[in-house]
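Q: Mind looking at a prediction? Sequence and model below.
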Amino acid sequence: MVTALPRTTGRRTVLTAIAALVALGPALWWLFSMGGAPSPGGRVTLATGVPTGVYARYGELLKQDLAHDMPEVDLRLTRSEGSIDNLRQLVAGRAEFTIATADAVATYKIRGERGADRLRACARLYDDYMQLVVPKKSAVRSTKDLRRLRVGVGADGSGVQLITRRLLEAAGLDFDKDITPVRVGIDRMPKLLERGKLDAFFWSGGLPTTAVQHLAQHFPVRLVQLGDLSQELHRQGERTRYYRAAVMPADAYPLAQDGEAVKTIAVANLLVTLDREDAALTEGITRTVINSRDWIGREVHAAQKVDLRTAVFTDPLELHEGARRYYVSVKP
């Protein structure tokens, strides 16, 4: 024999269920609007740069922030020789995201290198400033004075070497004949300068770059202006349109600048991925990059320049669909 429940009990059960659905309404709407898809997860690799460069430190701090924003994503960092090498790692499948200068991306596309048509941008980050570092007592006052000297030019495959070649050309110097090029990165150049095995070195990075900062603290160095090359540099045509005249403020490297600003050349950095990358993952990483500006900027001062208003200007690359989705979502 089945005993029927009192009518009031049944009505109370229905009302309770309705109340629960109302309470869950926002969560259910969010779930359905996302198509019920789970949050992105798994191992993701970001190709950065040499250990003492700004790319590497930026990557380390971004990894920490991403652990809070997207805990299911296991971000791995790999080193590289610089921008061109980063793009090659990305296309070869050894990384899902990377950082590269706009001029390096343009050069990669102009050369028609493998996978160039599949490159997409997530955000414009901060600018790299070209830095020519010499011992404080050096007679070098301009790039033209580097003739017959031993010059650190950045590793092969680096954005540093790409710009260095163009600056030397603008100064009327032949990369292979007029200097002794030493093809190493910022992880080795400061020590070689200190030991007298280099007369000067070029570096392209955010301000300040830790390796240059540390060098200035125990070895007297000076920054050489590059502003006199701006006009001649732009005469090289389309490949140099990504460079702009810039000024390193006097407090960028106080021990190396004697309270004076230094004229130079700057170029934008881009966060880059491939067109096939998951849109939800790309959207989430773009969000973290923009939202982490102030926190990362406390340690990597260059990151303070990351700005939502300028992040979408990623020439010469189109925005990835996931990144575009993020910018649309925060558009006022």
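A: That came through fine. Residues are numbered from 1 along each chain as shown.

Q: all contacts plus neighbour counts: C-alpha atoms, from now on.
A: Fine.

Q: just checking, Thr286 touches Leu125?
A: No. Using Cα atoms under 8 Å, Thr286 makes no contact with Leu125, being 10.6 Å away.

Q: which of the two has more neighbours?
A: Leu125 (28 against 24; other Cα atoms under 10 Å).

Q: Please save the CA atoms from stretch 137-144 in PDB.
A: C-alpha atoms of stretch 137-144 as PDB (Å, rounded to 0.1, in the frame of the first residue of the first chain):
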ATOM      1  CA  LYS A 137      86.200  55.900 -20.500                       C
ATOM      2  CA  SER A 138      85.600  54.700 -24.100                       C
ATOM      3  CA  ALA A 139      86.200  57.100 -26.900                       C
ATOM      4  CA  VAL A 140      83.000  55.900 -28.600                       C
ATOM      5  CA  ARG A 141      80.500  58.700 -29.000                       C
ATOM      6  CA  SER A 142      78.400  57.300 -31.900                       C
ATOM      7  CA  THR A 143      77.900  54.100 -33.800                       C
ATOM      8  CA  LYS A 144      80.300  55.300 -36.400                       C
END
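
Q: Just the buried residues of that stretch, please?
A: Buried residues in stretch 137-144, counted by 16 or more other Cα atoms under 10 Å: 140, 142-144.

Q: One more: stretch 115-125?
A: Quick answer for stretch 115-125 (16+ other Cα under 10 Å): 116, 119-125.

Q: Over to stretch 63-81?
A: In terms of neighbour count (16+ other Cα under 10 Å), stretch 63-81 has its buried residues at 63, 65-66, 69-70, 73, 75, 77-78, 80-81.

Q: cool, and stretch 312-328?
A: 312-327.

Q: hmm, who's touching it?
A: 102, 105-106, 119-124, 270, 273-275, 278-284, 286-287 (Cα atoms under 8 Å, 6 or more residues apart in numbering).

Q: same check, this time on stretch 189-208
A: Against stretch 189-208 from outside (Cα under 8 Å, 6+ apart): 53-54, 126-135, 146, 149-154, 159-160, 164, 186, 211-212, 215, 219, 248, 252-253, 300-302.

Q: Try it again at 7 Å.
A: For stretch 189-208, contacts defined as Cα atoms under 7 Å, 6 or more residues apart in numbering pick out 54, 127-134, 149-153, 160, 164, 186, 215, 219, 252-253, 301-302.

Q: Those residues, buried ones only, as a ChimeraX selection?
A: Selection of buried members from those for ChimeraX, criterion 16+ other Cα under 10 Å:
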select :54,127,128,129,130,131,132,133,134,150,151,152,153,160,164,186,215,219,252,253,301,302
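
Q: Among the contacts of stretch 189-208, which lie within helices?
A: Judged by DSSP state H, the subset of the contacts of stretch 189-208 located in helices is 54, 160, 164, 215.

Q: Who's the closest spatial neighbour of the residue most central in space within the chain, skipping the chain neighbours?
A: Most central in the chain under Cα atoms, centre = their mean is Ile99, positioned 4.0 Å from the mean C-alpha point. Closest residue to Ile99 apart from its sequence neighbours, by Cα to Cα, 6 or more residues apart in numbering: Leu271 at 4.7 Å.

Q: Report the contact partners of the one you found.
A: By Cα under 7 Å, 6+ apart, the residues touching Leu271 are 98-100, 121-125.

Q: need the next SSE after the helix or strand hosting it, C-terminal direction.
A: Under the criterion of DSSP states H and E, Leu271 resides in strand 262-274. Using DSSP H and E, the helix or strand that follows strand 262-274 in sequence is helix 279-291.

Q: Output the contacting helices and strands for that next one.
A: helix 321-329 (3 or more Cα pairs under 7 Å, 6 or more residues apart in numbering; DSSP states H and E).

Q: follow-up on the earlier one: for the buried residues of stretch 115-125, work out which two are farthest apart.
A: Greatest spatial distance among those (Cα to Cα): Ala116 and Leu125, at 20.2 Å.

Q: who touches Leu90 in this structure?
A: Counting by Cα under 7 Å, 6+ apart, Leu90 has contacts 96-98.

Q: Now do the SS call for it.
A: What DSSP: H, G, I helix; E, B strand; the rest coil gives for Leu90 is helix.

Q: Tell me which other helices or strands the strand ranked longest in the chain touches.
A: In the chain, taking DSSP state E as the definition, the longest strand is strand 119-135. The helices and strands touching strand 119-135, judged by 3+ Cα pairs under 7 Å, 6+ apart, are strand 200-205, strand 221-224, strand 262-274.

Q: Looking at those, which is nearest to Asp178?
A: It's strand 200-205; of the helices and strands packed on strand 119-135, that one is closest to Asp178 (Cα to Cα) at 13.9 Å.

Q: Check the gap between Tyr126 and Pro135 for me.
A: 28 Å (Cα to Cα, to the nearest Å).

Q: Next: Leu207.
A: Distance, Leu207 to Pro135, by Cα to Cα: 19 Å.

Q: Ok, Met248 next?
A: 18 Å.

Q: So for the nearest residue to Ala280 once chain neighbours are set aside, what pLDDT did the model give?
A: Nearest non-adjacent residue to Ala280, counting by Cα to Cα, 6+ apart: Gly322, 6.0 Å away. Per-residue pLDDT puts Gly322 at 98.

Q: I'm done for today, thanks for sticking with me.
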